[in-house]
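Participant: Here's a sequence, model it:
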Amino acid sequence: MFGKKSTIRKYKFKLRPALAKRYGGSATYTKPQVDKTIDEMGFNKRHAHYAYLMYCDVATYKANTPENESTESMNHVIASVSGVGLFRALFGSSSASGGDDGGSGFGDGGGD
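Facilitator: You can find the predicted model right below:
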């Protein structure tokens, strides 16, 4: 688990600024943009599906998430890295709303 959490920590705290610097500020990024940035920064790609959940649209992360991992379990791991869930980590507590249907809320009209 140490390697997984370390990788996710890098995705959370270093990947977002790198994506914004390379491609501009955006609600979502494409899979090739995320993959290229992960490669160029030398991050482990084994858990790239967490980066897709954090930074890509719904279709991208759903198509690239292993069947044995749910969005809820992935969000739990992301939350354990810094003590806050995906929504609070990226948008602050005022953006998280009740009634979680298991989805991340990404891809609902933001971005391109």
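Participant: Tell me where the model's unsure across this structure.
Facilitator: 1-2, 82-112 (pLDDT under 70).
Participant: What ranges does it have for its helices?
Facilitator: 2-10, 16-23, 31-41, 48-55, 58-63, 71-82, 86-91 (DSSP state H).
Participant: Quick one: residues in contact with stretch 35-49.
Facilitator: Where contact means CB atoms under 8 Å, 6 or more residues apart in numbering, the residues beyond stretch 35-49 that reach it are 3-4, 7-8, 10-11, 14-15, 18-19, 22, 34, 51, 61, 64-66, 69, 74. All C-beta spots, glycine's among them, are computed from the backbone N, C-alpha and C.
Participant: in stretch 17-33, what counts as buried?
Facilitator: Using 16 or more other CB atoms under 10 Å as the test for burial, stretch 17-33 gives 18-19, 28-31, 33.
Participant: for stretch 70-80, same thing?
Facilitator: For stretch 70-80, by 16+ other CB under 10 Å, it's 71, 74-75, 77-78.
Participant: what would those residues look like in CSV with distance to Tyr55?
Facilitator: Shown next, in CSV, are those (distance: CB to CB, whole Å):
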residue, distance to Tyr55
Thr71, 14
Met74, 13
Asn75, 14
Val77, 16
Ile78, 12
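Participant: What is the neighbour count of Val58?
Facilitator: Neighbour count of Val58, defined by other CB atoms under 10 Å: 17.
Participant: please renumber so the chain begins at 42
Facilitator: New numbering, starting at 42: the last item is Val99.
Participant: Check the gap between it and Ala61 for me.
Facilitator: 20 Å (CB to CB, to the nearest Å).
Participant: now Pro73
Facilitator: 16 Å.
Participant: and if you look at Lys51?
Facilitator: From Lys51 over to Ala61 (counting by CB to CB), the distance is 15 Å.
Participant: cool, and Ala89?
Facilitator: Going from Ala89 to Ala61 by CB to CB gives 18 Å.
Participant: same deal with His88?
Facilitator: With CB to CB as the criterion, His88 and Ala61 are 21 Å apart.
Participant: Repeat that for Asp80.
Facilitator: 17 Å.
Participant: In space, what's closest to Lys51 - neighbours in sequence excluded?
Facilitator: For Lys51, ignoring the flanking residues on the chain, the nearest one in space by CB to CB, 6 or more residues apart in numbering is Phe84 at 5.3 Å.
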